[in-house]
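Engineer: what's the 3D shape of this:
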Amino acid sequence: MESKVRANNVTEFIIVGLFRDPQVQRVCFALFLPVYLATVLGNGLIVLTISTSKSLSSPMYFFLYYLSVVEISYSSTIVPKFISDLLAKIKTISLEGCVTQLFFFHFLGVTEIFLLTVMAYDRYVAICKPLHYTTIMSRSVCHLLVAGSWLGGFVHSIVQVFITVQLPFCGPNVIDHYFCDLHPLFKLACKDTSEEGLIVLVNSLLAVFAFLFLVSSYIVILVHLRNHSAEGRRKALSTCASHITVVLLFFGPAIFLYLRPSSTFTEDKLVAVFYTVITPMLNPIIYTLRNKEVKIAMRKLWGKKNSGMD
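Structural biologist: Numbering: from 1, shown residues only. Got it, this is the predicted structure:
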């Protein structure tokens, strides 16, 4: 398993994968392929439902539409290759492919972080400033917030990629992970990467600030709800519960991995599986199970399809 070397630079990496045992890998293939298909179909159904339903025209569903688009793209950056590698004896990826995967993984991941933050702000305005909601969350503002989320993700990712392409890879070429990420690549660089690691840490603090903003938004919402009736509190909390669940599922593992020193423990890879494979599948389930309007719109969409087939 020698690397292809040109001018003392590694041009191809070998990926260790999640597990080394071929039998375990085949079990993982049988498990994760349906999970990925469910991710694409579930989020795709939300995109289709929101885009065709007139009743789901509020800013909350506008943001949910783009969140589902990001989830499909984000999952597709990692999971298809991960699944195909489970059946391969030797798992390889070119340096260019590795950098491309790294770019889109961080671009879409941070875009999702910003979208979740925007959705928290939307819930804050809806619950705490209901009389001014339509003015504050106008269509143009919503478009700007979504565009800002994409731009924020792009800028963050460009910084990560710029750091990576500067690294010299001249020796080991085995990535102890199932996809290309910063910490595994830092371990293969032919130089001390403590300085680059610090820049990455500072760049990743965006996620911490977003998380703190999210927490602050919901603390303010909870304090504000004390003055509401029991029915009002129940209704307001029901609209927030799904969003809080998604936030915890996404931010928890990501903060655990990126805001501490890197390690080689298999547990790290298992945690990464949770937010790259499992969470994108759970999001449409969480939003549809806890949201009556989405379920009604889906039933109407299904009814139209059935009537069209008759």
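
Engineer: what ranges does the protein have for its helices?
Structural biologist: 22-52, 59-85, 95-128, 133-136, 139-165, 182-188, 194-225, 230-258, 266-273, 279-289, 292-309 (DSSP state H).

Engineer: now render the ones you listed as CSV, adding mean pLDDT and distance to Ile175.
Structural biologist: (C-beta placed from N, C-alpha, C; glycine too.) Rendered in CSV, the data for the helices of the chain read as follows (pLDDT from 0 to 100; distance: least, C-beta to C-beta, whole Å):
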stretch, mean pLDDT, distance to Ile175
helix 22-52, 91, 16
helix 59-85, 92, 11
helix 95-128, 90, 8
helix 133-136, 91, 46
helix 139-165, 92, 12
helix 182-188, 84, 5
helix 194-225, 80, 17
helix 230-258, 72, 15
helix 266-273, 73, 11
helix 279-289, 79, 22
helix 292-309, 66, 39
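
Engineer: in a markdown table, list those helices along with mean neighbour count and distance to Val174.
Structural biologist: Output for those, formatted as a markdown table (neighbours: other C-beta atoms under 10 Å; distance: least, C-beta to C-beta, whole Å):
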| stretch | mean neighbour count | distance to Val174 |
| --- | --- | --- |
| helix 22-52 | 16 | 17 |
| helix 59-85 | 21 | 14 |
| helix 95-128 | 21 | 12 |
| helix 133-136 | 13 | 52 |
| helix 139-165 | 16 | 17 |
| helix 182-188 | 20 | 8 |
| helix 194-225 | 15 | 20 |
| helix 230-258 | 17 | 20 |
| helix 266-273 | 16 | 14 |
| helix 279-289 | 20 | 27 |
| helix 292-309 | 13 | 45 |
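
Engineer: I'd like those helices as JSON lines, with distance to Gly171 appended.
Structural biologist: Listed next are these as JSON lines, based on distance: least, C-beta to C-beta, whole Å:
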{"stretch": "helix 22-52", "distance to Gly171": "27"}
{"stretch": "helix 59-85", "distance to Gly171": "23"}
{"stretch": "helix 95-128", "distance to Gly171": "14"}
{"stretch": "helix 133-136", "distance to Gly171": "55"}
{"stretch": "helix 139-165", "distance to Gly171": "16"}
{"stretch": "helix 182-188", "distance to Gly171": "7"}
{"stretch": "helix 194-225", "distance to Gly171": "17"}
{"stretch": "helix 230-258", "distance to Gly171": "25"}
{"stretch": "helix 266-273", "distance to Gly171": "22"}
{"stretch": "helix 279-289", "distance to Gly171": "35"}
{"stretch": "helix 292-309", "distance to Gly171": "52"}
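
Engineer: ok, which of those helices comes nearest Val10?
Structural biologist: Smallest distance to Val10 across those (C-beta to C-beta): 6.5 Å, for helix 95-128.

Engineer: okay, the angle between that closest one and helix 59-85?
Structural biologist: 150 degrees (axes from the mean of the first three to the mean of the last three C-alpha atoms, to 10 degrees).

Engineer: by how many degrees do helix 95-128 and helix 279-289 diverge?
Structural biologist: Put simply, helix 95-128 runs at 20 degrees to helix 279-289, going by the same axes, to 10 degrees.

Engineer: returning to what we had before: quick one, which of the helices of the chain is nearest to Phe13?
Structural biologist: For Phe13, the closest of these is helix 95-128, at 5.7 Å, according to C-beta to C-beta.

Engineer: roughly how far is the closest one from the heart of the chain?
Structural biologist: 6 Å (C-alpha atoms, centre = their mean, to the nearest Å).

Engineer: cool, and stretch 121-134?
Structural biologist: 26 Å.
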